[in-house]
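Participant: sequence unavailable; structure follows:
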């Protein structure tokens with residue numbers, strides 16, 4: 001069995017299920033990985049992970065049979081990433097790496113100084129799924145529609161913690177922030193390259209659940225700040 005081949009299967013999975021893969025996945029299995037009839041690979045979704053066998057190649061797609069379950073979904077830390085959209089290539093990098101690091105929800109924020117004001121959720125979803133397949137995670141992060149900062153702040157979960165990455169903050173003790181019991185999500189908030197306006201900053205810091213944190217003495221690009229923050233939050237939630 002080639003354990004490196006993992007495909008996200010959006011429908012319900014159960015042993016002995018016979019199904020057809022979608023067009024792109026069929027092309028990947030047949031023409032890229034060149035699996036033969038009888039070869040084994042993995043399929044997964046939020047239910048867990050299963051072995052699957054290539055039954056045969058048909059016009060409507062690769063016909064597969066689900067075999068035994070190999071892995072259950074683990075309890076994962078509920079980490080969110082709220083950020084203002086940036087240019088396509090660095091944003092692709094952000095989605096790839098944050099997915100690998102275990103982010104559960106991506107929240108694009110429209111701020112006053114954002115240079116990019118839209119996001120292609122369909123394209124992003126594809127990047128997220130591919131990153132999950134390659135990084136051996138079972139869950140697929142959620143990507144929500146672009147929303148205004150004011151709406152994000154007003155709807156932020158009461159029991160959550162908002163980690164505001166703020167270059168103006170004098171606090172770098174993230175360990176102390178995350179050592180307290182947090183019943184809701186831990187959401188990292190990254191500003192635009194021109195930073196939030198003063199009105200926006202006030203809106204953020206006035207939120208009871210908000211904790212300002214400085215990541216570095218240098219000015220970080222948005223994607224760098226996001227990956228650094230997710231890495232640190234992951235570490236302290238899992239090992240502190």
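Facilitator: It's in. Predicted model only: the values in this text are computed from it and were never measured.

Participant: ok, now which ones touch residue 232?
Facilitator: 174, 215 (CB atoms under 8 Å, 6 or more residues apart in numbering). (Each C-beta comes from the backbone N, C-alpha and C, glycine too.)

Participant: tell me the SS of it?
Facilitator: helix (DSSP: H, G, I helix; E, B strand; the rest coil).

Participant: and the worst-scoring helix or strand of the chain on mean pLDDT, what's buried?
Facilitator: Lowest mean confidence among the helices and strands of the chain (mean pLDDT, DSSP states H and E): helix 174-178, at a mean of 87. Along helix 174-178, these residues count as buried under the neighbour rule (16 or more other CB atoms under 10 Å): 174, 177-178.

Participant: any idea which helix or strand comes after that helix?
Facilitator: Next in sequence after helix 174-178, counting helices and strands by DSSP states H and E, comes strand 186-190.

Participant: beyond that following strand, next helix or strand please.
Facilitator: helix 198-205.

Participant: what angle separates that next one from strand 186-190?
Facilitator: 170 degrees (axes from the mean of the first three to the mean of the last three CA atoms, to 10 degrees).

Participant: for helix 198-205, what is the average pLDDT?
Facilitator: Taken as a whole, helix 198-205 has a mean pLDDT of 93.

Participant: list the helices and strands the helix or strand just after it packs on?
Facilitator: Counting by DSSP H and E, the element after helix 198-205 in chain order, helix or strand, is strand 210-213. Where contact means 3 or more CB pairs under 8 Å, 6 or more residues apart in numbering; DSSP states H and E, strand 210-213 is packed against strand 161-165, helix 174-178.

Participant: rebuild these as a markdown table, extending it with distance to residue 6.
Facilitator: As requested, the helices and strands packed on strand 210-213 are exported to a markdown table (distance: least, CB to CB, whole Å):
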| stretch | distance to residue 6 |
| --- | --- |
| strand 161-165 | 31 |
| helix 174-178 | 31 |
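
Participant: quick one, which of the ones you listed is nearest to residue 111?
Facilitator: strand 161-165 (12.7 Å; CB to CB).

Participant: which member of the buried residues of helix 174-178 is positioned nearest residue 194?
Facilitator: Taking those together and measuring to residue 194 by CB to CB, the closest member is residue 174, at 24.3 Å.

Participant: run through the strands of the chain in chain order.
Facilitator: 6-8, 18-20, 40-45, 48-58, 61-71, 79-83, 105-110, 142-143, 147-148, 161-165, 186-190, 210-213 (DSSP state E).

Participant: who's in contact with the fifth one?
Facilitator: Around strand 61-71, the neighbours that count as contacts under CB under 8 Å, 6+ apart are 13-23, 25-26, 29-30, 40, 42-44, 48-57, 138.
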